[in-house]
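**Student:** model this:
(2 chains)
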Number of protein chains: 2
Amino acid sequence: MALGKFRKEETLVLRKKLIGQSCRLFYSEDPVKIVKARGQFLFDENGKRYLDCISNVQHVGHCHPSITKAASAQMDLLNTNARFLHDNIVIYADRLAATLPEKLCVFYFVNSGSEANDLALRLAHQYTQHEDVIVLDHAYHGHLMSLIDISPYKFRKLAGQKEWVHVAPLPDTYRGLYREDHPNPGQAYADTVKDLIEEVHRDGHLAFFAESLPSVGGQIILPQGYSTKVAEYVRSAGGVFVADEVQTGFGRVGSHFWAFQLQGQGFCPDIVTMGKPMGNGHPLACVATTVEIAGAFTANGVEYFNTFGGNPVSCAIGLAVLDVIEEEDLKGNATRVGAHLKDLLLKLQPRHQIIGDVRGVGLFVGLELVTDREQRTPATETAALVVKRLKEEDNICVSTDGPWESVIKFKPPMCFSMDDAELTVKCIDRILTDVQCLFKA
Amino acid sequence: MALGKFRKEETLVLRKKLIGQSCRLFYSEDPVKIVKARGQFLFDENGKRYLDCISNVQHVGHCHPSITKAASAQMDLLNTNARFLHDNIVIYADRLAATLPEKLCVFYFVNSGSEANDLALRLAHQYTQHEDVIVLDHAYHGHLMSLIDISPYKFRKLAGQKEWVHVAPLPDTYRGLYREDHPNPGQAYADTVKDLIEEVHRDGHLAFFAESLPSVGGQIILPQGYSTKVAEYVRSAGGVFVADEVQTGFGRVGSHFWAFQLQGQGFCPDIVTMGKPMGNGHPLACVATTVEIAGAFTANGVEYFNTFGGNPVSCAIGLAVLDVIEEEDLKGNATRVGAHLKDLLLKLQPRHQIIGDVRGVGLFVGLELVTDREQRTPATETAALVVKRLKEEDNICVSTDGPWESVIKFKPPMCFSMDDAELTVKCIDRILTDVQCLFKA
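**Tutor:** Residues are numbered from 1 along each chain as shown, chains lettered A, B, ... in the order given. From the prediction side, this is the model:
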């Protein structure tokens, strides 16, 4: 395949004609055509280089040669389905088990975070024998029908809320119910889930489903103590705690391999789902759970077969990703660069009234813009402007999240460097200064 | 990765420990460990070669070098998501469009047949504004929650039938309601759908969802005229016809690229889903539909984003598969070898009372075993015995399907040869002769 067969305008025309319009493009007014990438850099059809702050899927860096090598070696050897015995699937499961608490020791391999969350929901339903689910406000768990049902971010725009779905407040200490001035927001937010459990009742059995760091919700860091308490309430009601690590797993938070581990050693979910970064772009995802929950699922006597799930190529790629994370100390890099990025953004805050909040762990960082610091009014338009100008003036790709698209998010490939962080913040500083003049003028 | 790190017994122990038991193994009493494959051949850890009659996913042959080459070249260059403009996705959509009737010209790329069918269901619901679905008895459309709901093969063993799901008789002319002696089984079976539509009513809007050749149902060939008539009834009630080509597309039937085309030029579904063979083992699947249905989906204003769907690597692989199908005339091969296989099996029929029916098109062939030709009693045990003995004595992999697992199915890689067909039938002949002696003794 050549670097580009069509001129960008031609590609755009064909794209509009042939691909469903519901599949949107970044920078829809002037989309970017990318033909090549390496590490944390994207290249367009004219050779222009973009710094990529958003491709969390290309976790160890775009087109990492170790991943390509592992993939082609295995593709050349074997790529059957998992109904045949093969070493890769067990070696990979064993390696993943080593990153998780001991009780999460049974694995199901699938092709996407959505497939993983759908299966997690099936496991939870089968184990609890009830369909009730508690989810966090603004959550997004995937594009499948079952997941739209448990994603307030989607179902509010579509079919609405099913009677078996219950929405708990998002534990957002910046603009939520309980804020940074609350003595114990973790406990306070956990109590909202406790109340909901009592309200739902129906024998109590239910699943609590949450991203370990709510992403679409606005790059939210759950307050300390929250998950431990929620797990306690959920379990005492016969329920299970599902941690959606699709966006946040594989060392992104730096200090830990999984974001749920930020809640302390005492906390362990009953089901963990993983996806996006797992195959560095290859469709690979997974559900990890306990012997008891897997046992309940087996007890229904029905086979679970996923055509491509856990095939030797997917597992070889997954293993190569784990190797690179270790060999290149990408967790350490996420800790160092993430801390520096957050620090630099915090240093901007006194000079830019529009910066309401800076939050994050490792290379999962959010910069929340507000038109009014007291009211914390979302600065949606300015956030969009920053995204646009960073792209047009500085060739830097970021995007927004949060219910009001007022949070500029950073979740770059894990090889993002100190220099990259400094350049990005310098450009944001310049743009925010401009914007301030614009508004004052 | 070495050809095998563990001894087979060790792999089996680890597999039982680490992978959910709902994920079953072929030949569960004595599973096969496969370490290498090429074309239509699998190799175990001792170098023993198996003839593969069942891997329809490895469509152009296991580990085809052209596919590996295309994958690694693109992996080395770029693998972003489809929010960036890229040529591969439009070139691939355009190539697929050329294989389909003109009105199926809008594409959505996803990672599995299940994801494709889930999206098809969403498209149908959005377009018809109703959730009613008519499916065929014994149908299987995927492992996701939404698809278990529309798969009698699964929901009968699990949650049961939802009130919005309606089951039409399987148009099986061997053991169904109307048989080969009926003057017009296509019309007769279509009328059962018509009756169901009238019964359902609720403004009539609904989706009709069917595999173009029901596979789990027992390698069924739909009678002529069936789909055209059903489509007429469904559309006059404001509904849509969804053709599930996940098992049957990409030239498997030999004479046509899509199995639905066996129903004649006059027939065109409203939505077509594709999967398994599409990426020769790479997780790649797709939904094709009309401008009207895609437009209704866009009109809800909600983005459809599939993280890995339509990425440059998946599309490069998909394109390479299309190239190999053409370059190696695999459709032609499926026609010739499939016809020969069916012919050879038919020739066995007079000598083996246990052969109730031989049916198929191209390399989609079923051999139905019965203990009694008059009663057409499924010979489930003998079918299992044939599968076991073919593996143990002849190193040939086949499997069974159908509601009673009495149909030996053949859906090999498309490079399956005349010699392979002759060897397989010779071995079946020998085993059936043995079995006959066994029963007579």
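
**Student:** Going by C-alpha atoms from here, please, whenever you check contacts or count neighbours.
**Tutor:** OK.

**Student:** Do you know the pLDDT at A:Arg202?
**Tutor:** As predicted, A:Arg202 sits at a pLDDT of 61.

**Student:** So which residues on the stretch 301-441 of chain A come close to chain B?
**Tutor:** Counting by Cα under 8 Å from any Cα of the partner chain, the stretch 301-441 of chain A comes close to chain B at A:Gly301, A:Val302, A:Glu303, A:Tyr304, A:Phe305, A:Asn306, A:Thr307, A:Phe308, A:Ala316.

**Student:** Those in helices, which ones?
**Tutor:** Within these, residues falling in helices by DSSP state H are A:Ala316.

**Student:** is it possible to export the residues of the stretch 301-441 of chain A next to chain B to a markdown table including distance to B:Ser55, neighbour count and pLDDT?
**Tutor:** Listed next are these as a markdown table, based on distance: Cα to Cα, whole Å; neighbours: other Cα atoms under 10 Å in any protein chain shown; pLDDT from 0 to 100:
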| residue | distance to B:Ser55 | neighbour count | pLDDT |
| --- | --- | --- | --- |
| A:Gly301 | 24 | 12 | 91 |
| A:Val302 | 22 | 14 | 93 |
| A:Glu303 | 18 | 15 | 94 |
| A:Tyr304 | 18 | 18 | 96 |
| A:Phe305 | 14 | 19 | 96 |
| A:Asn306 | 14 | 23 | 96 |
| A:Thr307 | 10 | 24 | 96 |
| A:Phe308 | 12 | 27 | 97 |
| A:Ala316 | 20 | 26 | 98 |
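
**Student:** how about the residues of the stretch 301-441 of chain A next to chain B in CSV, adding distance to B:Asp434?
**Tutor:** As requested, these are exported to CSV (distance: Cα to Cα, whole Å):
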residue, distance to B:Asp434
A:Gly301, 33
A:Val302, 33
A:Glu303, 32
A:Tyr304, 35
A:Phe305, 33
A:Asn306, 36
A:Thr307, 34
A:Phe308, 37
A:Ala316, 43
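
**Student:** isn't A:Asp394 right next to A:Val425, touching?
**Tutor:** No - if you go by Cα atoms under 8 Å, A:Asp394 and A:Val425 don't touch, sitting 11.2 Å apart.

**Student:** the more surrounded of those two?
**Tutor:** Neighbours were counted for A:Asp394 and for A:Val425 using other Cα atoms under 10 Å in any protein chain shown; A:Val425 has more, 19 against 16.

**Student:** gap between the biggest strand by length in chain A and the chain center?
**Tutor:** Across chain A, the longest stretch assigned as strand under DSSP state E is strand A:364-372. Offset of strand A:364-372 from its chain centre (Cα atoms, centre = their mean, to the nearest Å): 18 Å.

**Student:** Can you give me the distance of A:Thr371 to A:Tyr304?
**Tutor:** Per Cα to Cα, to the nearest Å, A:Thr371 is found 51 Å from A:Tyr304.

**Student:** sorry, that was for A:Arg83
**Tutor:** A:Arg83 sits 11 Å away from A:Tyr304, going by Cα to Cα.

**Student:** which residues do the two both contact?
**Tutor:** Jointly contacting A:Arg83 and A:Tyr304 under the rule Cα atoms under 8 Å, 6 or more residues apart in numbering or on different chains are B:Cys23, B:Arg24.

**Student:** Confirm for me that A:Arg336 is in contact with A:Val361.
**Tutor:** No - counting by Cα under 8 Å, A:Arg336 does not reach A:Val361; the two are 10.3 Å apart.

**Student:** Who has more neighbours out of the two?
**Tutor:** A:Val361 (22 against 17).

**Student:** is that one in a bridge, and if so with what?
**Tutor:** A:Val361 has these beta-bridge partners by DSSP bridges: A:Phe364.

**Student:** quick one, phi/psi of A:Leu170?
**Tutor:** When read as degrees, to the nearest 10, the backbone of A:Leu170 gives phi -70, psi 120.

**Student:** In this structure it contacts A:Leu136, no?
**Tutor:** Yes - if you go by Cα under 8 Å, A:Leu170 and A:Leu136 touch, sitting 5.3 Å apart.

**Student:** Need the overlap of contacts for A:Arg336 and A:Val361.
**Tutor:** Taking Cα under 8 Å, 6+ apart as the contact rule, the neighbours common to A:Arg336 and A:Val361 are A:Gly254.

**Student:** Okay, and A:Pro183 sits in which element?
**Tutor:** Of the helices and strands defined by DSSP states H and E, none includes A:Pro183.

**Student:** I meant to write A:Phe109 there.
**Tutor:** According to DSSP H and E, A:Phe109 maps onto strand A:106-110.

**Student:** Ok, A:Lys347 next?
**Tutor:** For A:Lys347, the element it lies in under DSSP H and E is helix A:330-348.

**Student:** Tell me who's in contact with A:Glu232.
**Tutor:** Applying Cα under 8 Å, 6+ apart to A:Glu232 gives no contacts.

**Student:** same thing with A:Gly279?
**Tutor:** Listed by Cα under 8 Å, 6+ apart, the contact set of A:Gly279 reads A:Val57, A:Ala285, A:Ser314, A:Ile317, A:Gly318, A:Val321.

**Student:** among the residues you listed, who's most crowded?
**Tutor:** Of the contacts of A:Gly279, with other Cα under 10 Å as the count, A:Ser314 tops at 32 neighbours.

**Student:** can I assume that residue is in contact with A:Ala285?
**Tutor:** No - using Cα under 8 Å, A:Ser314 makes no contact with A:Ala285, being 9.2 Å away.

**Student:** where does the stretch 1-150 of chain A have low pLDDT?
**Tutor:** Low-confidence segments of the stretch 1-150 of chain A (pLDDT under 70): A:1-4.

**Student:** Now do the strands in it.
**Tutor:** A:34-38, A:41-44, A:49-52, A:106-110, A:133-136 (DSSP state E, counting those that start in this stretch).

**Student:** Could you say which of those is packed most deeply?
**Tutor:** Among these, strand A:106-110 has the highest mean neighbour count (mean count of other Cα atoms under 10 Å in any protein chain shown), at a mean of 28.

**Student:** tell me what it is packed against?
**Tutor:** In terms of contacts (3 or more Cα pairs under 8 Å, 6 or more residues apart in numbering or on different chains; DSSP states H and E), strand A:106-110 is packed against strand A:285-289, helix B:8-18.

**Student:** Adding distance to A:Lys157, write those out as TSV.
**Tutor:** Output for the helices and strands packed on strand A:106-110, formatted as TSV (distance: least, Cα to Cα, whole Å):
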stretch	distance to A:Lys157
strand A:285-289	27
helix B:8-18	39
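
**Student:** Identify the residue nearest the residue most central in space within chain A in space, chain neighbours excluded?
**Tutor:** Nearest residue to the geometric centre of chain A (Cα atoms, centre = their mean): A:Gln247, 1.7 Å. Ranked by Cα to Cα, 6 or more residues apart in numbering or on different chains and with sequence neighbours excluded, the top spatial neighbour of A:Gln247 is A:Lys276, at 6.2 Å.

**Student:** Tell me the spacing between the one you found and A:Ala116.
**Tutor:** Taking Cα to Cα, one finds A:Lys276 at 11 Å from A:Ala116.

**Student:** Where does the prediction get shaky in the stretch 201-350 of chain A?
**Tutor:** By pLDDT under 70, the weakly predicted segments of the stretch 201-350 of chain A are A:201-204.
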